[in-house]
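**Student:** Fold the following and give me the result.
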Amino acid sequence: MRIATFQLRPRLGDVEGNIRRADVLIGKLERMLQGNDKSKGLDLLVLPEMAFSGYNFPSLKAVRPYLEPSEAGPSARWARSVAQKLGSVVAVGYPEICPSIQGKSPLQGNTEGNGAQSEDEHRFNSLIVVKESGETLVNYRKHHLYYTDDPWAHEGESHESGFFSMPLATAALPQKISRDSNGSVPDMPSFPRNEIPTTVGICMDINPYKFIAPYSACEFATHARSSGAKLVIVSMAWLTLLDSEDLATMKDKPDMDTFQYWITRFAPLFLPDEEAVEVDDEDGHGEKAKPQVIIVFANRAGEEEGLEGKDTARYAGSSSVVGIRRRPRKVGEEAEAGDEGVDKVEILIWDILGAAEEGICFVDTDSTPRMVGAVQI
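**Tutor:** So this is what the prediction gives:
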């Protein structure tokens, strides 16, 4: 797969200016594609959470001028235009407003002191994903809200609403078929060879629900595993613990503490499949030569001041594309010292941007990863 993320440094509330920043990166991406076998095309472009509005809004009143109609605002229009221009799937985060959802019970939101609201409207921190024709593949609404979302956003229905089939310009990852306890193959979604089962989430979704669910629950990663997703897209405005001075020195250095935390939140994907049947790809190579799951972390960078210059938010950048490759030891294979009976998981890192960098993370997952790390389970 050929995947790109834009790690933007958007200014809060400057929608037109932030779109211009993204357009500059589109020009750079097109030049990259021309220099990297343009005939292959691009499969996927992912932008950060609330990419054009900015994120650090302190209230409903502050964010209201930047709320966009469902699948119809400037973010959606930009996504459709770019998808058609590049011939790829494009995902963009945006603040969504929509009428009351028919047949649903009223959603509760914290609006005290945040300006007037209508009982007939709902607001979400959303991610629109469109294919090259401009048609919407999914409009996912953030399920696990962060405290910055609470003053204005309603909670999305479930992680399951972000599972879909993503079309590819290239062949999909090989599939693995798991048998149940009776030895039969359960009913699973069937995906054509040029599509890949995909799930999307937004930032806090990978954390425990409201930070009160058990840390080990890993609800989003568990959903990705149970749904059979082979591609996981996470659009983010993830904060860093670094101060301004340290962050300023890390244009070319990722925030590895943050990155390592992201990886730990996907621990359920490290576990081996039970009773798995190995399926060879078209070249006759076993599937274990390739990652079982690819994860795209599309974060933003920079700083945003809060109300009256208070509560400045600093973002971790470090956008990356990684693969998880499980390596069960073969029967008769000699174990390395200290890992008797232990399967290995390899973390493939094709590329990772700096914490303070504005730029493009562009990778071809058929190429050799930039780094490979190992996790024992």
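**Student:** Show me where the stretch 201-350 of the chain has its helices.
**Tutor:** For the stretch 201-350 of the chain, the helices defined by DSSP state H, counting those that start in this stretch occupy 219-227, 244-248, 256-264.
**Student:** Let me know which of those is the nearest to residue 373.
**Tutor:** Among these, helix 256-264 comes nearest to residue 373, with 8.5 Å by CB to CB. Backbone N, C-alpha and C define where each C-beta goes, glycine included.
**Student:** and residue 266, how many neighbours?
**Tutor:** By other CB atoms under 10 Å, the residues close to residue 266 number 22.
**Student:** Hmm, residue 223 and it touching each other?
**Tutor:** No: the criterion here is CB atoms under 8 Å, and residue 266 misses it with residue 223 at 11.2 Å.
**Student:** just the helices of the stretch 201-350 of the chain: most buried one?
**Tutor:** Neighbour counts (mean count of other CB atoms under 10 Å) averaged over each of these peak at helix 219-227, with a mean of 21.
**Student:** Low-confidence regions, the protein specifically.
**Tutor:** 36-39, 100-119, 170-193, 273-289, 307-310, 328-343, 376-377 (pLDDT under 70).
**Student:** those strands in the stretch 151-300 of the chain, which residues are they?
**Tutor:** Using DSSP state E, counting those that start in this stretch, the strands assigned to the stretch 151-300 of the chain run over residues 163-167, 177-178, 195-202, 231-235, 276-277, 293-298.
**Student:** Just the residues contacting the fourth one, thanks.
**Tutor:** With CB atoms under 8 Å, 6 or more residues apart in numbering as the test, strand 231-235 has contacts from 1, 44, 46-49, 51, 91-93, 127, 129, 166, 173, 196-203, 205-206, 224, 262, 266, 293-298.
**Student:** closest one to residue 210 among the strands of the stretch 151-300 of the chain?
**Tutor:** That would be strand 195-202 among the strands of the stretch 151-300 of the chain, by CB to CB, at 14.9 Å.
**Student:** could the strands of the stretch 151-300 of the chain go into TSV alongside distance to residue 156?
**Tutor:** Compiled in TSV, the strands of the stretch 151-300 of the chain are given as follows (distance: least, CB to CB, whole Å):
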stretch	distance to residue 156
strand 163-167	13
strand 177-178	29
strand 195-202	8
strand 231-235	13
strand 276-277	32
strand 293-298	18
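**Student:** can you tell which of those strands is closest to residue 136?
**Tutor:** Taking those one by one with CB to CB, strand 163-167 is closest: 10.0 Å.
**Student:** what lines up beside the closest one in the sheet?
**Tutor:** strand 195-202 (antiparallel) (DSSP bridges).
**Student:** List the residues that contact residue 357.
**Tutor:** Contacts of residue 357 by CB under 8 Å, 6+ apart are 7, 251, 252, 301, 317.
**Student:** again, but for residue 296
**Tutor:** Counted by CB under 8 Å, 6+ apart, residue 296 has contacts 3, 5, 44, 46, 231, 232, 233, 234, 320, 321.
**Student:** ok, what's across the strand from it?
**Tutor:** With DSSP bridges applied, residue 296 shows beta-bridge pairing to residue 233, residue 321.
**Student:** Check the gap between it and residue 159 for me.
**Tutor:** Note on residue 296: its distance to residue 159, by CB to CB, to the nearest Å, is 16 Å.
**Student:** Which of the contacts of strand 231-235 are buried? Put it as a PyMOL command.
**Tutor:** Here is the PyMOL selection string for the buried members of those, based on 16 or more other CB atoms under 10 Å:
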select buried, resi 1+44+46+47+48+49+51+91+92+93+127+129+166+173+196+197+198+199+200+201+202+203+205+206+224+262+266+293+294+295+296+297+298
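**Student:** about what we covered before: mind giving me the PyMOL select for the contacts of residue 357, buried ones only?
**Tutor:** Here is the PyMOL command that picks out the buried ones among the contacts of residue 357, judged by 16+ other CB under 10 Å:
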select buried, resi 7+301+317
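**Student:** between the contacts of residue 357, which is closest to residue 83?
**Tutor:** Checking the contacts of residue 357 one by one against residue 83 (CB to CB), the nearest turns out to be residue 7, at 19.3 Å.
**Student:** Let me know how buried the closest residue to residue 98 other than its chain neighbours is, in neighbour terms.
**Tutor:** With CB to CB, 6 or more residues apart in numbering as the criterion, residue 98 has its nearest non-adjacent residue at 4.3 Å, and that residue is residue 70. Residue 70 has 18 neighbouring residues, counting by other CB under 10 Å.
**Student:** check contacts around residue 70.
**Tutor:** 96, 97, 98, 126, 139.
**Student:** ok, of those residues, which one's closest to residue 245?
**Tutor:** residue 126 (34.4 Å).
**Student:** who's in contact with that closest one?
**Tutor:** 70, 93, 94, 95, 96, 139, 140, 141, 142, 156, 202.
**Student:** Bridged to it, which residues?
**Tutor:** Here residue 126, judged by DSSP bridges, has bridge partners residue 94, residue 141.
**Student:** just residue 364 next, same as before
**Tutor:** With DSSP bridges as the rule, residue 364 is bridged to residue 2.
**Student:** Counting neighbours, what do you get for it?
**Tutor:** Neighbours of residue 364 under the rule other CB under 10 Å: 18.
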